[in-house]
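> Quick one, what's the 3D model for this:
(chains A and B)
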Amino acid sequence: MRKYLSFFKIGLQLPFIYRSKVWLRAVRHTVVALTFIVFWSAVLKGSADFSGFTLSTLITYYALVEIIDTLYTQTPGRVLAKDINSGNLSSYLVKPINYWGYTFSYTAGQQLAGNSLSFIFIIAAFLFFPSHLLLPTQSVNGLFFVLSLIISFLLYFQIFFLVGSLTFFLSQTTFLRQGINQIAGVLGGKWIPIILMPVAAQSIIIYLPFRFLYDGPLKIFQEKMIQQDIILGLVTGSFWLLFFMILGRYVWGKGIKKYEAYGH
Amino acid sequence: MATKIIRHIKIFTHLSKINFLTSLEYRINFITLLIPTGLYSAGYLFFLKSIISKIPVVAGWDFNMLLLLFAGDQFIYYAGWYLFRDSLRFFTEGVKHGDFDQVLKLPVNARFISSFRHQQAHNLLAFLIPIIICVYASRLLNFTPWQLLIFFISLLLGLGIMYNLFFIIASLSFWITETEDVEDLFDETSSLSKYPAEVFPRWLAFIFIFIFPLLVVAYIPTAVLLNKLNVLSIIICILMFFITFILSQKIWHAGLRRYSSASS
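Residues are numbered from 1 along each chain as shown, chains lettered A, B, ... in the order given. From the prediction side, this is the model:
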């Protein structure tokens, strides 16, 4: 465990090599959130709400989408693909470490430090604009929200670890990775809350794992679910996580048998 | 002057051929690129459709009009990736690692070769997406060939403006070690160009037209095509193209004076 903590610490330190990156990332997330807010302000001009969403609830929604988005990264997929293609993976395989554990602890540290300022920006926005950014009225929902975020982070990580593992068989997975990232955004509720999507689309999305990435945690935060549904959602999300863990492990195992590199 | 231009066109044609042949090494990329690009467009259409199904007109723009604007924005985006985005990345890396001297030694305009040396030929297929969207959106709007010609020319001016802005950012590498995040931030901000100016508060629209001309890129050409703006508005595109060009030249020359490297 201690060695993974060291990787986590390295991940924490890495973004601060170029501190401006941390600032720019925070500005980038703010710009994205503001763009959606400006657009929705125009959509809602003259009407009080949009299918049950007021401007304040939509502002809260998109501010939180950016918070959640700061947690997600395609790094596991990207790093694994790079390590497989370059043969660099061998140097990890001969070490007494678990590659998944290394990538996870390293990525978690990097995401936490790299987006620290983005968190502060958005939390400050919640403090300064309490009429536009609405917090949950019940603290238990806040706890459920944090729990769902942990599951979503792991799920996102696991999906991209699986995509990265496919590099053993496909050699080039860049566009596949970007494609899945787009699907996760669209079907996960990053662009628009799922409830605002056409009914036919909603009936398909309910069977997919992507809704747990954005829409699920946000529904909990915005108190659009009763406690029973929240628990059911968390359990279903955990099942998807388990599914991707097993699948990822299987693909990784098959890939490792196929993998060969020399000169490392 | 004319011979210089012809010579550079010839060089550009040769580079295009070389880059196209290089891209053919990974033929699968031509197809797989359509996964993220197609999904992004599908996601945006889905986002618009979900809104338009409840509110048919946003800031005076209906679904087809918004689609045309999106097609214009995407045309510039992919043209940018095909023509100069990759080259500018190589340029900033060259400055960082001290390899840029080799570019300066070449018997060709250094700005030209830094901007257009590496084209991503597989982006050519991505052009299909804005073309299909454009054809679909125009099916109910009867445009004359003259209107379409002006639309295309003004889009090219928009592309020129975008190139100048990206070149300014790349030139910052003479002063800043890491420009990748500045580029990412700009990339995210430039996605504003897919929204109509009427969406923004007047002061913000003014900034995005005359100071940071992101709305000039796709909004003005589309608004002129849809008769929402007078054809003379194209003058703004021409003006902003020259202003950004002069600015980029000034920054480029200031950067060149500052550049130094050792043992490269």
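> okay, now A:Phe146: neighbour count?
Actually, residue A:146 is Val. It isn't Phe. Residues lying near A:Val146 (other Cβ atoms under 10 Å in any protein chain shown) number 12. C-beta: built from backbone N, CA, C; applies to glycine.
> ditto for B:Ala223
Neighbour count of B:Ala223, defined by other Cβ under 10 Å: 22.
> Show me which residues of chain B sit near chain A.
Proximity of chain B to chain A (Cβ under 8 Å from any Cβ of the partner chain) is limited to residues B:26, B:28-29, B:32-33, B:35-36, B:39-40, B:42-44, B:46-47, B:49-51, B:53-55, B:58-59, B:176-178, B:181-182, B:184-185, B:188-189, B:191-192, B:195, B:198-201, B:204.
> Wasn't A:Leu242 part of a helix?
Yes - secondary structure of A:Leu242, determined by DSSP: H, G, I helix; E, B strand; the rest coil: located in a helix.
> Counting neighbours, what do you get for residue 2?
All of this refers to chain A. A:Arg2 has 5 neighbouring residues, counting by other Cβ under 10 Å.
> Switch to chain B, please.
Counted with other Cβ under 10 Å, residues neighbouring B:Ala2 total 6.
> next one: A:Tyr92
A:Tyr92 is surrounded by 13 other residues when neighbours are defined as other Cβ under 10 Å.
> Leaving out chain neighbours, which residue sits closest to it?
Counting by Cβ to Cβ, 6 or more residues apart in numbering or on different chains, the nearest residue to A:Tyr92 once its immediate chain neighbours are dropped is A:Tyr99, at 5.2 Å.
> my read: the one you found touches A:Leu93, true?
Yes - using Cβ atoms under 8 Å, A:Tyr99 makes contact with A:Leu93 at a distance of 7.2 Å.
> Comparing those two, which residue is more hemmed in?
The neighbour comparison of A:Tyr99 against A:Leu93 (other Cβ under 10 Å) goes to A:Tyr99, with 18 against 13.
> tell me which parts of the stretch 1-150 of chain A are close to chain B?
A:18, A:20-21, A:24-25, A:27-28, A:31-32, A:35, A:38-39, A:42-43, A:45, A:47, A:50-51.
> What about these, which are in strands?
Secondary structure assignment by DSSP state E places A:Phe50 of the residues of the stretch 1-150 of chain A next to chain B in strands.
> check contacts around A:Thr107.
By Cβ atoms under 8 Å, 6 or more residues apart in numbering or on different chains, the residues touching A:Thr107 are A:11, A:73, A:75-76, A:79, A:157.
> What's the local residue count around residue 76?
Went with chain A since none was named. Neighbour tally, A:Pro76, other Cβ under 10 Å: 26.
> sorry, should have said chain B
Applying other Cβ under 10 Å, we find 25 other residues in the vicinity of B:Ile76.
> could you say which helix or strand contains it?
helix B:63-80 (DSSP states H and E).
> What's the first helix or strand after that helix?
Following helix B:63-80 in sequence, per DSSP H and E, is helix B:86-97.
> now for that following helix, which elements pack on it?
The helices and strands touching helix B:86-97, judged by 3 or more Cβ pairs under 8 Å, 6 or more residues apart in numbering or on different chains; DSSP states H and E, are helix B:100-104, helix B:110-116, helix B:145-171, helix B:180-190.
> Just put the contacts of A:Thr107 in CSV and tack on secondary structure and pLDDT.
CSV is the format used below for the contacts of A:Thr107 (DSSP: H, G, I helix; E, B strand; the rest coil; pLDDT from 0 to 100):
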residue, secondary structure, pLDDT
A:Gly11, helix, 87
A:Thr73, coil, 78
A:Thr75, helix, 77
A:Pro76, helix, 80
A:Val79, helix, 85
A:Phe157, helix, 92
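> Just give the number of residues close to the residue nearest to B:Phe100 when sequence neighbours are not counted.
Once its chain neighbours are removed from consideration, B:Phe100 has its nearest residue in B:Gly94; the separation is 4.1 Å (Cβ to Cβ, 6+ apart). Under the neighbour criterion other Cβ under 10 Å, B:Gly94 is assigned a count of 20.
> List the residues that contact B:Gly94.
If a contact means Cβ under 8 Å, 6+ apart, then B:Gly94 has B:100, B:102-103, B:114 as its contacts.
> Quick check, pLDDT for A:Gly109.
Turning to A:Gly109, the model gives it a pLDDT of 89.
> can you check B:Ala262 too?
The per-residue confidence score, pLDDT, reads 62 for B:Ala262.
> same deal with B:Tyr44?
Value listed for B:Tyr44 in the pLDDT field: 89.
> Name all residues that make contact with the closest residue to it other than its chain neighbours.
Once its chain neighbours are removed from consideration, B:Tyr44 has its nearest residue in B:Phe70; the separation is 6.1 Å (Cβ to Cβ, 6+ apart). For B:Phe70, the contacting residues are B:41, B:44-45, B:48, B:130, B:133, B:194, taking Cβ under 8 Å, 6+ apart as the criterion.
> lowest confidence element among the helices and strands of the chain?
Because you didn't say which chain, this covers chain A. helix A:116-128 (a mean of 78; mean pLDDT, DSSP states H and E).
> that answer is for a different chain, and I need it for chain B
helix B:28-32 (a mean of 75).
> picking that back up, just the pLDDT at the residue nearest to B:Tyr44, thanks.
94.
> Are any of the residues of the stretch 1-150 of chain A next to chain B buried, and if so which?
Neighbour-count burial (16 or more other Cβ atoms under 10 Å in any protein chain shown) applied to these gives A:21, A:24-25, A:27-28, A:31-32, A:35, A:39, A:42-43, A:50.
> got JSON lines for the residues you listed, with distance to A:Gly164 and pLDDT too?
As requested, these are exported to JSON lines (distance: Cβ to Cβ, whole Å; pLDDT from 0 to 100):
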{"residue": "A:Lys21", "distance to A:Gly164": "23", "pLDDT": "79"}
{"residue": "A:Leu24", "distance to A:Gly164": "26", "pLDDT": "84"}
{"residue": "A:Arg25", "distance to A:Gly164": "22", "pLDDT": "82"}
{"residue": "A:Val27", "distance to A:Gly164": "29", "pLDDT": "85"}
{"residue": "A:Arg28", "distance to A:Gly164": "24", "pLDDT": "83"}
{"residue": "A:Val31", "distance to A:Gly164": "29", "pLDDT": "84"}
{"residue": "A:Val32", "distance to A:Gly164": "25", "pLDDT": "82"}
{"residue": "A:Thr35", "distance to A:Gly164": "30", "pLDDT": "84"}
{"residue": "A:Phe39", "distance to A:Gly164": "34", "pLDDT": "85"}
{"residue": "A:Ala42", "distance to A:Gly164": "39", "pLDDT": "84"}
{"residue": "A:Val43", "distance to A:Gly164": "38", "pLDDT": "83"}
{"residue": "A:Phe50", "distance to A:Gly164": "38", "pLDDT": "82"}
